[in-house]
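> Whatever this is, show me its structure:
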Amino acid sequence: MTRSDLPFFKLAEDRLNLGIAAQSIAHGITHVDPTAASTGNDVCADPASRWIEGLRSADGTDTLVHPTLRGHAGMADLVADAVLAG
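This is a model prediction of the structure:
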């Protein structure tokens, strides 16, 4: 993957998220959308707060685009909140 591939993958991600949301609604399942919670924690955010690593991680290694430990924990919190809310 290169930087020029990112718009394609962003579009694919958006379409996948819309499809998952639509199927959740169709089947009466709570959909947890991380978009609002992760806003400001993207690859451009400070390494201490970002949820996603970019093509290079904070330590300079190649990582492609992948959730950080903070991102995994943030998503887990969103899911736990949805479960507890019933």
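
> hey, let's count contacts and neighbours off CA atoms from now on
Noted.

> Please name the nearest non-neighbouring residue to the residue most central in space within the chain.
Within the chain, one residue has its C-alpha closest to the average C-alpha position: by CA atoms, centre = their mean, that is residue 34, at 6.1 Å. Taking CA to CA, 6 or more residues apart in numbering, and ignoring the residues beside it in sequence, residue 34 has residue 75 as its nearest neighbour in space, at 6.7 Å.

> name the helices or strands packed onto the particular helix or strand that has that neighbour in it?
For residue 75, the host element (DSSP states H and E) is helix 69-85. Contacts defined by 3 or more CA pairs under 8 Å, 6 or more residues apart in numbering; DSSP states H and E place helix 69-85 against helix 35-38.

> what about the helix it packs on, distance to the chain center?
Put simply, helix 35-38 sits 8 Å off its chain's centre (CA atoms, centre = their mean, to the nearest Å).

> who does the very next helix or strand once past it pair up with?
Reading on from helix 35-38 to the C-terminus, the next helix or strand found by DSSP H and E is strand 52-53. Taking DSSP bridges as the criterion, strand 52-53 pairs within the sheet with strand 66-67 (antiparallel).

> Contacts for the partner strand, please.
Contact with strand 66-67 is made by 51, 52, 53, 54, as judged by CA atoms under 8 Å, 6 or more residues apart in numbering.

> Let's see that with 7 Å instead.
Residues lying outside strand 66-67 but in contact with it, judged by CA atoms under 7 Å, 6 or more residues apart in numbering, are 51, 52, 53.

> Also stretch 36-46?
Counting by CA under 7 Å, 6+ apart, the neighbours of stretch 36-46 from elsewhere in the structure are 49, 50, 51, 52, 53, 54.
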